[in-house]
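K.L.:
Give me the fold of what follows.
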Amino acid sequence: DDLRPDRARPEVWRAFAVGARGREVAALGGVRDRSCLALTYARMRSDPGFREAAHRFLRAYDRRFQEFESAASDGDIARLAETRSARAFMLLGRVTGIFG
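P.N.:
Numbering: from 1, shown residues only. So this is what the prediction gives:
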């Protein structure tokens, strides 16, 4: 709840939904809290169960977002980006490098 990532524009989220990765969607990795990033990175390296759950979450979020995006307005996407799930996605995506 304490994470306040930089906001990515809805068109960046939409690009991710249609398969863009890396630099094109780097704004989705807007979590800048160094402590949180370091702790999450360390946990990913040291805890296989956490790492597996994190990757499972990323895959599930990706699939669900693709379904959601096709019918969502920009406002819907902006509201979704403020949820805990979206912040977790941004954090884990940044740590795993899917945003470049």
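
K.L.:
Now do the helices in the protein.
P.N.:
For the chain, the helices defined by DSSP state H cover 10-17, 34-46, 48-69, 74-80, 84-96.

K.L.:
Of the ones you listed, give the one that comes closest to residue 3.
P.N.:
Each of these has some distance to residue 3 by Cβ to Cβ; the shortest is helix 84-96, at 4.7 Å. For the C-beta atoms, the positions are set from N, CA and C on the backbone; glycine is no exception.

K.L.:
Pull out the buried positions in that closest one.
P.N.:
Under the neighbour-count criterion of 16 or more other Cβ atoms under 10 Å, helix 84-96 has 86, 87, 88, 89, 90, 91, 92, 93, 94, 95, 96 buried.

K.L.:
Check the burial of the nearest residue to the third one once chain neighbours are set aside by counting its neighbours.
P.N.:
The shortest distance from residue 88 to any residue other than its chain neighbours is 6.9 Å, reached at residue 57 (Cβ to Cβ, 6 or more residues apart in numbering). For residue 57, the count of nearby residues is 15 (other Cβ atoms under 10 Å).

K.L.:
can you pull the pLDDT of residue 57?
P.N.:
Here, the pLDDT recorded for residue 57 equals 98.

K.L.:
Just to check, it is in contact with residue 92?
P.N.:
Yes - counting by Cβ atoms under 8 Å, residue 57 touches residue 92, with 6.5 Å between them.

K.L.:
In this structure, where is pLDDT below threshold?
P.N.:
The model of the chain has pLDDT under 70 over residues 1.

K.L.:
Show me what stretch 73-87 is in contact with.
P.N.:
Applying Cβ atoms under 8 Å, 6 or more residues apart in numbering, the external contacts of stretch 73-87 come out as 1, 3, 5, 7-8, 10-11, 13-14, 31, 61, 65, 68-69, 72.

K.L.:
For residue 100, state which of these is nearest.
P.N.:
Residue 100 has its nearest neighbour among the contacts of stretch 73-87 in residue 8, at 12.5 Å by Cβ to Cβ.

K.L.:
Can you name the residues that contact the closest residue to the closest one other than its chain neighbours?
P.N.:
In space, and not counting its chain neighbours, residue 8 is closest to residue 27: 3.9 Å by Cβ to Cβ, 6+ apart. Listed by Cβ under 8 Å, 6+ apart, the contact partners of residue 27 are 6, 8, 9, 12, 99.
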